[in-house]
Structures are given as C-alpha cells and as structure tokens.
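Novice: Provided below for reference: sequence and predicted model.
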Amino acid sequence: MITPQTIEQIKNRIDIIDVVGEYVKLKKRGTNYIGNCPFHNEKTPSFTVSPSKELYKCFGCGKSGNSITFLMEHDKLSYVEALRWLATRYNIAIEETENTPEQKQIVQTAESLHIINSFAQKFFSDQLFNTEEGQNIALSYLKERGFREDIIKKFQIGYSPSERDILSTALLNNQFNKELLLKTGLVAVRNETELVDNYRGRIIFPINSTNGKVIGFGARVIGKADECLLVEGYTDVVSLHQAGIENVVASGGTSLTSEQIRLVKKYTNNLTIIYDGDAAGIKAALRGLDMALEEGLNVRLVLIPDNEDPDSYVNKVGATAFQQFIADNKKDFIIFQIEIMLKDVGSDISKKSEVVNTVAETISKINKAEDFTKQQDYIKQCASLLKIDEGGLTNLVNKYKRDKISK
C-alpha cells in the first residue's frame, strides 16, 4: 500500500492543467480553462478546469472532480493506479507499506481480471485470423472496409464466434474462476448454471489502459443482413451475389435437412425461402419446413412470378426491384400452407379435415417455451382462416404435442 507521505507528496505536485491537458485541448478563459468534455460528445465547450481550485467540472454532463478522479474516470484506473500514474509523471519515488489481507485480495482480483481479459483478447484474435468463420465473416468484412491486416493486428482486433459458449468453454478449460469470469462481462449465466458468451457473432475491439493492460472490450455487430435467403439452384446464388445480394444460400434442389437448418440458425433466426411459382416450386418450398419451426426459425416464403426463377428475375428487374419484391411479398409459411391447401378443398369435408389436421400438426412443432406466444397467435389466425373453433384447434394442437412426447 502506498504510504500517506507519498500520497501527500503526489497531491502537492499535481498540476491539473498539465494532467487534463494530456487528454483535452484547453483554452484559457479568465482565470479558468475550457475545452470539449472528454466524457460525452459536444461541439460547444462546456468542460471547465480551475487551476486555483485544482478541480474540473462539465456543465453539460455533470462530471466533476480532481486530477486523480479524472484519471480514474477517463482511463478506468483504480485509485492506486492513478496515484502510480501521477508518481511516474512527476518522477516521485513511491514508498509502500504491507497490504492488509483485504487490500491484497482486491489487488489479486484486479490482476486476475486483467489476465482473463488478456486471454480473451488472444482468443478473439486467433478466431479472427485462424478460423474459417472468422476469416469468411469478420476478416473479409474488415478488409472490405479498407482496414489493412497490419493495422488490425496492431489494434488487436478480434472476432467472437456465433457459437453459444465457445469462449466460456475455453476459459473454463483453462481453469479460470467462474465467479471472476462473470465480473469481466464476457460471459453470462443462463438456466441458473450454464455459462454462455455475451458477444457472439461480433467483431471485438479491446480497450487498453495507459499501462497497456486490457481493461474491457467493445463489440460491433457485423453489417450483414439478419436474414437468410434460401434458393434452389446454384446459378440463383451466383446471380444474386453478382447483383450485390449476398445473404443467400442454395439447397441444391434437395429437401432441407436438420443440419442445414441448424447451420442457418447460427447466423440468423429469419429464413426466407425464394422458389419458382410453379407447382413443383411450391411443393419443394414446403418440404422440411416443420423442422425449421422446431428450431425456432421465423420462416417466410416468396414465390417468383411469371414462370421466372431467382436467377432470371434478378437479371430482369435488377437488384433493387428484386429486394423490394421480396420485402413486399413475404408470406408466413403456415398461413401460406393453409391458403394453398384450401384451394383444393372446395366443399369436401374430409379434405378440410385433412387440412385442419395438417395445420395443427405443423403448429405443434413450435414447441419451445419462448415461442408460446407465437404458437397462440398462429392458432388464432389459422382458426379464423379455416373457419373453425379456436378452442378446438388448440385441443388438436395439444394432442399432437402429447403424441410426440409419448413417442
């Protein structure tokens, strides 16, 4: 612990204009100095420093204090770290006494947090440069924005993968204390005991103190569309990419698999299927979508008009009109399914019964707890479209859910 004599010596040597002037461009006005506040964005200076009182005050955001509190607030330093910064600044030798057990614990915790942050920074950098996801999603994005690789490395920029707990697992495998991990803000607790990563699918920017230690992180969501467009053919993908629409994948003409759906869910919860408007296209679009509902995806469907496919249509109307068509013509998968099936029903009661059962079974696939409200909304909408009792449809949906559980 720094001795009181050393603290007093440091305080006597402090020049607040000298300290604050390291961070803020100050101009003399009367007996005081003014400048733009470093704690909030402003164009008209409201940050005032009084050399006679050794105090600063911002009349915009209300921040105030002395040289020591300024360093603590601006550089996120502890009281002791701020004193050491000032001692180095004014070439003052520091005398210390033995720390109490409580003080030792505080110092030890702070050092542990710095070690965890340092590990996380290296982890994020490795994910950015040495993994397929990092290179394809984050590194390519940074380079498209004009950032050179040497600058990316200089600023220790990294990438946090979209996987739910990859960082948490790495930290626990390296024997870091769980309680300390929660203090860093890098991870959070779900379901009372499960650790999950906080900044998934984001570019990570480390924040360093003046002594070079990582004291925190900033995260940026990558500027990609929060939607996956699914088309049938490979040429559709290439044509859409060429038109600047890059959030698109192809099923290759086959039914969706559970593995493909989970892969989509790693990047977005919104799946929009774009297929030809003919009978074969409609049939292909409906295959495998129950699995998408089970995984909690929001599934929409768009059918391309006039006997076109996505490839020919985007070349015909252009990227802007194509994207507008998609936005204007998305249909909810379950509602679309009802509309298609009801066209063949007519007055046939047995066919209508088949439709009701099919719809109820589809709705029953939405079985996650967090999707309960969505399921209730579907029951209400579908009952109205089918012209049946809402309570009866609810009972039928619950029957299919019970049958699934019993199996």
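Specialist: All right, it came through fine. Numbering: from 1, shown residues only.
Novice: can we go C-alpha only for contacts and neighbour counts from here?
Specialist: Noted.
Novice: pull the contacting residues for the closest residue to residue 228 other than its chain neighbours.
Specialist: Spatially, and ignoring its direct neighbours in sequence, residue 228 is nearest to residue 271 (5.0 Å; C-alpha to C-alpha, 6 or more residues apart in numbering). Residue 271 makes contact with 227, 228, 229, 230, 264, 297, 298, 299, 300, according to C-alpha atoms under 8 Å, 6 or more residues apart in numbering.
Novice: and for residue 94?
Specialist: 2, 3, 6, 84, 87.
Novice: which helix or which strand is home to the fourth one?
Specialist: In other words, residue 84. Per DSSP states H and E, residue 84 falls inside helix 79-89.
Novice: show me what counts as buried in the helix or strand following that helix.
Specialist: Toward the C-terminal end, the helix or strand that comes next after helix 79-89 (DSSP H and E) is helix 101-130. Neighbour counts using 16 or more other C-alpha atoms under 10 Å place 112-121, 123-129 of helix 101-130 among the buried residues.
Novice: and if you look at stretch 372-389?
Specialist: Within stretch 372-389, the residues that count as buried by 16+ other C-alpha under 10 Å are 375, 378, 379, 380, 382, 383, 386.
Novice: helices or strands up against the helix or strand that the fourth one is a member of?
Specialist: The reference is to residue 380. In the assignment (DSSP H and E), residue 380 maps to helix 372-386. Taking 3 or more C-alpha pairs under 8 Å, 6 or more residues apart in numbering; DSSP states H and E as contact, the helices and strands that helix 372-386 lies on are helix 333-342, helix 349-364, helix 390-406.
Novice: contacts for that helix, please.
Specialist: Here helix 372-386 makes contact (C-alpha under 8 Å, 6+ apart) with 334, 335, 338, 356, 359, 363, 364, 366, 389, 390, 393, 394.
Novice: low pLDDT regions in the stretch 101-250 of the chain?
Specialist: Low-confidence regions of the stretch 101-250 of the chain, defined here as pLDDT under 70, cover residues 210-211, 223.
Novice: hmm, back to that, now render the helices and strands packed on helix 372-386 as TSV, adding mean pLDDT and mean neighbour count.
Specialist: Output for the helices and strands packed on helix 372-386, formatted as TSV (pLDDT from 0 to 100; neighbours: other C-alpha atoms under 10 Å):
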stretch	mean pLDDT	mean neighbour count
helix 333-342	82	17
helix 349-364	86	18
helix 390-406	86	15
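Novice: so which of the ones you listed comes closest to residue 61?
Specialist: For those, proximity to residue 61 was assessed by C-alpha to C-alpha; helix 333-342 is nearest, at 49.7 Å.
Novice: who does that closest one touch, helix- and strand-wise?
Specialist: Judged by 3+ C-alpha pairs under 8 Å, 6+ apart, the packing partners of helix 333-342 are strand 298-304, helix 349-364, helix 372-386.
Novice: how close does residue 177 sit to residue 183?
Specialist: Distance of residue 177 to residue 183, computed by C-alpha to C-alpha, to the nearest Å: 10 Å.
Novice: same deal with residue 384?
Specialist: Here the distance between residue 384 and residue 183 works out to 50 Å (C-alpha to C-alpha).
Novice: repeat for residue 28
Specialist: When distance is defined by C-alpha to C-alpha, residue 28 is 42 Å away from residue 183.
Novice: closest one of the contacts of helix 372-386 to residue 404?
Specialist: Checking those against residue 404 by C-alpha to C-alpha gives residue 364 as the nearest, at 9.1 Å.
Novice: where do the helices sit along the stretch 151-300 of the chain?
Specialist: Along the stretch 151-300 of the chain, the stretches classed as helices by DSSP state H, counting those that start in this stretch are 166-173, 178-184, 234-242, 258-265, 279-286, 289-294.
Novice: right, and the ones you listed - which one's nearest residue 46?
Specialist: Short answer: helix 178-184, nearest of the helices of the stretch 151-300 of the chain by C-alpha to C-alpha, at 33.1 Å.
Novice: CA atoms only: put the closest one into PDB for me.
Specialist: This file holds the C-alpha atoms of helix 178-184, laid out as PDB (Å, rounded to 0.1, in the frame of the first residue of the first chain):
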ATOM      1  CA  LYS A 178     -16.300 -18.900 -12.700                       C
ATOM      2  CA  GLU A 179     -17.200 -16.000 -10.400                       C
ATOM      3  CA  LEU A 180     -14.300 -13.900 -11.900                       C
ATOM      4  CA  LEU A 181     -15.400 -14.700 -15.400                       C
ATOM      5  CA  LEU A 182     -18.900 -13.200 -14.700                       C
ATOM      6  CA  LYS A 183     -17.200 -10.000 -13.400                       C
ATOM      7  CA  THR A 184     -15.500  -9.400 -16.700                       C
END
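Novice: now do that helix: which elements does it pack against?
Specialist: Counting by 3+ C-alpha pairs under 8 Å, 6+ apart, the packing neighbours recorded for helix 178-184 are helix 101-130, strand 187-190.
Novice: tell me what angle the longest one forms with helix 79-89.
Specialist: Inter-element angle recorded for helix 101-130 and helix 79-89: 80 degrees (by axes from the mean of the first three to the mean of the last three C-alpha atoms, to 10 degrees).
Novice: other SSEs contacting helix 101-130?
Specialist: Helix 101-130 makes packing contacts with strand 158-160, helix 166-173, helix 178-184, strand 214-221 when contacts are defined by 3+ C-alpha pairs under 8 Å, 6+ apart.
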